[in-house]
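In: Just to be clear, the model below is a prediction. Sequence and coordinates:
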Amino acid sequence: MIEVSRESAETRIRLRLELRGTGSLEGRTGLPFFDHMLEQLVFHSGIDLEVKAEWDLAHHLLEDLLFLLGRAISRELGDRRGIARFGWSAIPMDESLVMTSVDLGGRAHFSCNLEGGQVEGLAVDDLMHGIEALARGSLATIHVIAIRAGNLHHAVEATYKSLALSLAQAMGPSPELRSTKGVVDVEG
């Protein structure tokens, strides 16, 4: 179990994370749809997460909380020995189909083709920017490809579920370091 926190003029966030958990989320942010996405991320990745957050704007909450979650994941993974490193998943949700891929190899990058709009009072751009912050915090490459967006609620939910399964696969066990260089450059 690792605990991380961040205090700024915009947010005060404390997270407790267990990578090999049961998929449970404790605590709420006050943004029901974002809480629902956190539930999907936690449940489908198999991590346990406890959240305490105070914030001024939704954009700041999504960015800071997911960056902090990424940082906690990175610290727990350490030098990346013993994990699969790569993961991908495609999730259908009614008319929507979204694929994500993850590389936990120490290079922070994010790309996404999901178009903007509003979902339950939150900007899709902010929800995706949160995933970009997760990529920065975890030193991961994350690609989100909306093969068929359809209803934005379904597309965003499929994104978070697919991301969770991709992370679970990438954090899964491997008998060796997954790098032909023999090292993964991560902050430790």
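Out: Structure's in. What do you need? These numbers come from a predicted model, not from an experiment. Residues are numbered from 1 along each chain as shown.
In: low-confidence ranges in this protein?
Out: 178-179, 187-188 (pLDDT under 70).
In: could you pull out the helices for it?
Out: For the chain, the helices defined by DSSP state H occupy 32-45, 58-77, 124-138, 152-171.
In: for residue 1, what are its contacts?
Out: By C-beta atoms under 8 Å, 6 or more residues apart in numbering, residue 1 lies in contact with 16, 17, 18. Placement of C-beta: from N, CA and C, glycine included.
In: most neighbours, which of those?
Out: Counting neighbours by other C-beta atoms under 10 Å, residue 17 leads the contacts of residue 1 with 22 neighbours.
In: separation between the residue nearest to that one when sequence neighbours are not counted and residue 167?
Out: In space, and not counting its chain neighbours, residue 17 is closest to residue 72: 4.4 Å by C-beta to C-beta, 6 or more residues apart in numbering. According to C-beta to C-beta, to the nearest Å, residue 72 stands 12 Å off from residue 167.
In: same check, this time on residue 6
Out: 21 Å.
In: Give me the more crowded residue out of those two.
Out: residue 167 (26 against 16).
In: count of neighbours near the nearest residue to the more buried one once chain neighbours are set aside?
Out: Nearest residue to residue 167 in three dimensions, chain neighbours excluded: residue 45, at 4.7 Å (C-beta to C-beta, 6+ apart). Close neighbours of residue 45, defined as other C-beta under 10 Å, add up to 25.
In: which residues does residue 45 contact?
Out: 23, 164, 165, 167, 168, 171.
In: and if you look at residue 17?
Out: 1, 2, 3, 4, 47, 48, 49, 50, 69, 72, 73, 76.
In: so residue 167 touches residue 86, yeah?
Out: No. The criterion here is C-beta atoms under 8 Å, and residue 167 misses it with residue 86 at 10.8 Å.
In: where do the contact lists of these two overlap?
Out: residue 102.
In: now residue 111: how far from residue 144?
Out: 7 Å.
In: Settle it for me: which of these two has more neighbours?
Out: A count of neighbours by other C-beta under 10 Å puts residue 144 above the other of residue 111 and residue 144, at 24 against 13.
In: Let me know whether that one touches residue 129 as I believe.
Out: No. Here residue 144 lies out of contact with residue 129, judged by C-beta under 8 Å, at a distance of 11.6 Å.
In: about what we covered before: mind putting the contacts of residue 1 into CSV with distance to residue 63?
Out: CSV is the format used below for the contacts of residue 1 (distance: C-beta to C-beta, whole Å):
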residue, distance to residue 63
16, 20
17, 18
18, 23
